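Student: Here is the input, now give the coordinates:
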Amino acid sequence: MISKKVAIDVLNAGLETGADFAEIYIEEKISNVIQIDNGKVENSSIIKTYGAGIRLLKKFRSVYGYTNDISKNGLLKLAKSLSNSFTGNREVTVTSIKTKKFKNITPVEIPYESVEKEEFVNYLKKGVKAMQDYDKRIIRTTAMISYSHKDSTIFNSNGIAINDSIERGRIALQCVANEGEKIETGYAAPGAAAGFEFFKNKVDIVELGKKAAAQAILMLSAKECPSGKMPVVIGNGFGGVLFHEACGHPLEASAVSKNLSVFSGKLGEQIASPLVTAIDDGTIENGWGSNNVDDEGNKTERTVLIKNGILTNYLIDDFNGRRMERKGNGACRRQSYRYEPTSRMSNTYIDNGTTPPEEIIKATKLGLYAKSLGGGSVNPATGEFNFACSEAYIIRDGKVCEPVRGASLIGQGKDILTKIDMVGNDLERSQGMCGAASGQIPVDVGQPTLRISEITVGGNGGELK
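Tutor: Presented below is the predicted three-dimensional model:
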């Protein structure tokens, strides 16, 4: 890292031509991946990254650049180059820097670097064996653990320095099942901003392997999903990816501040069913998407986005907050020093309701139960989305019946929010990676089981009967 004295010189170099704010972000990160294919260790790699990014702001303009040369001369060269984007007289001078401290919400008991590779491999092999032993139709298995340790420092022209350190780890089990011409997959991938203790104490990898295998085998017998408008019950946990994509991204200041979101200018308005309360919480201890501070150095927050259907807040970074005349609320994130930070989600979920999930199923005469969702796409400006279901069933007379394949959910986020008519009490969060302008970042998605009264379901199985 660099000294405060060097940071002051670099910040002032960036501010020389009239920028009103300057920031240095320095990162040192070690990442490791161990992968087992069909029981054999096929990959083990360590990646080290080290570099710095500099951002200069002037009102609603920003310029950003990065370098692997974090010597004083290297940083001064970058800062002066970026400052050429502005013309004017100096408005800000940095004279001192004070280190700001924050509570550590991502404590680590067993650092990954203290664990021998053999222990990781033996742990993963338990999951592999569980998948292989589940059914002879499982023809391929993959198990992987990825983990990282990142140290970062932020200096800015407000005279603040922030030092942070965080570890994250995630395992992924995947299997492929085959029967005749049918091929299906099963997948499970928990993670946390914690050390290896998370997996040793909280993840039963044998049960996780069985769960992935069961999903793949079950879907082999599935028929093509019918299509049309129908009630859809969405399962808890990763079902929350629908809200994340179709509604969460349009609540980010990067879209809201430029009026590129369907929710721009709607604070205080009823945008969802009164049953819906949605939260983004970057302060969950050891949460996969949690951070001690965001990438502007602001303390992460628990932000209630929607309260009983009323839009109450957005996810705001300081820069986009300028257009909104709002201060950032700890929602600024980036993949690495190579990316300019912007407003992003952390652990985003629809909060618990009061209805037991079995009652939601029982109350549905004919419809679809989307137990788990897969990939999809969304247009933040319109909220239009299309999501595939990785595991789905037909509901008949209040009972979960035959599995179906090829189901997709099609609609608009703003419409779906108003059509949620039942919300369960079984909130669960699941882990994923979210890609946007500032790169790939870890996020939690979540929700309890809930029902959408009507949504368009795509499939090749004809009309639902």
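Student: can you pull out the helices in the stretch 1-150 of the chain?
Tutor: Per DSSP state H, counting those that start in this stretch, the stretch 1-150 of the chain carries helices over the ranges 4-14, 72-83, 117-134.
Student: Can you say which of the ones you listed is nearest to S157?
Tutor: When the helices of the stretch 1-150 of the chain are compared by C-beta to C-beta, helix 4-14 sits nearest S157, at 5.1 Å. C-beta here means a position set from N, CA and C on the backbone, and glycine is covered the same way.
Student: sorry, back to before: out of the helices of the stretch 1-150 of the chain, flag the one nearest I34.
Tutor: helix 117-134 (5.2 Å).
Student: Not counting its neighbours along the chain, what's nearest S81?
Tutor: Of all residues not flanking S81 in the chain, G65 sits nearest, at 6.7 Å (C-beta to C-beta, 6 or more residues apart in numbering).
Student: Tell me who's in contact with the residue nearest to A392 when sequence neighbours are not counted.
Tutor: With sequence-adjacent residues excluded and distances taken as C-beta to C-beta, 6+ apart, A392 is closest to A407, at 4.3 Å. In this structure, A407 makes contact with C225, L368, A370, A388, C389, A392, V457, G458, G459, judged by C-beta atoms under 8 Å, 6 or more residues apart in numbering.
Student: any chance of the residues you listed in TSV, with distance to T99 and secondary structure too?
Tutor: Converted to TSV, the contacts of A407 look like this (distance: C-beta to C-beta, whole Å; DSSP: H, G, I helix; E, B strand; the rest coil):
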residue	distance to T99	secondary structure
C225	56	coil
L368	54	strand
A370	48	strand
A388	47	strand
C389	49	strand
A392	52	strand
V457	54	strand
G458	54	strand
G459	57	coil
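Student: So which of the residues you listed is the closest to K77?
Tutor: For the contacts of A407, the nearest to K77 is A388 (47.4 Å; C-beta to C-beta).
Student: Would you point out the most distant pair within the contacts of A407?
Tutor: Spanning the widest gap among the contacts of A407 are L368 and A388, at 12.8 Å by C-beta to C-beta.
Student: Neighbour count: the two, which is higher?
Tutor: Applying other C-beta atoms under 10 Å to L368 and A388 shows that L368 carries more neighbours, namely 27 against 16.
Student: Quick check: phi and psi on K419?
Tutor: Here is the backbone geometry of K419 (degrees, to the nearest 10): phi -100, psi 10.
Student: where's G375, which helix or strand?
Tutor: strand 366-379 (DSSP states H and E).
Student: so who does K307 touch?
Tutor: T277 are the contacts of K307 under C-beta under 8 Å, 6+ apart.
Student: ditto for Y349
Tutor: G240, F243, A278, I279, D281, L427, R429, D444, V445, G446, Q447.
Student: what's the distance between the residue nearest to the second one when sequence neighbours are not counted and I306?
Tutor: When the adjacent residues along the chain are set aside, F243 lies closest to I350, with 5.6 Å between them (C-beta to C-beta, 6+ apart). From I350 across to I306, the span is 8 Å (C-beta to C-beta, to the nearest Å).
Student: Look at the two and report which has more neighbours.
Tutor: A count of neighbours by other C-beta under 10 Å puts I350 above the other of I350 and I306, at 31 against 24.
Student: pretty sure I284 contacts N291?
Tutor: No. At 10.3 Å, I284 does not count as touching N291 under the criterion of C-beta atoms under 8 Å.
Student: These two: which is more packed in?
Tutor: Applying other C-beta under 10 Å to I284 and N291 shows that N291 carries more neighbours, namely 26 against 20.
Student: tally of neighbours for R396?
Tutor: Counted with other C-beta under 10 Å, R396 comes out at 15.
Student: Leaving out chain neighbours, which residue sits closest to it?
Tutor: Using C-beta to C-beta, 6+ apart, the closest residue to R396 is L366 (6.1 Å).
Student: likewise E285?
Tutor: I105 (5.2 Å).
Student: quick one, phi psi at the one you found?
Tutor: phi -100, psi 10.
Student: A strand includes R168, no?
Tutor: Yes. Using DSSP: H, G, I helix; E, B strand; the rest coil, the secondary structure at R168 is a strand.
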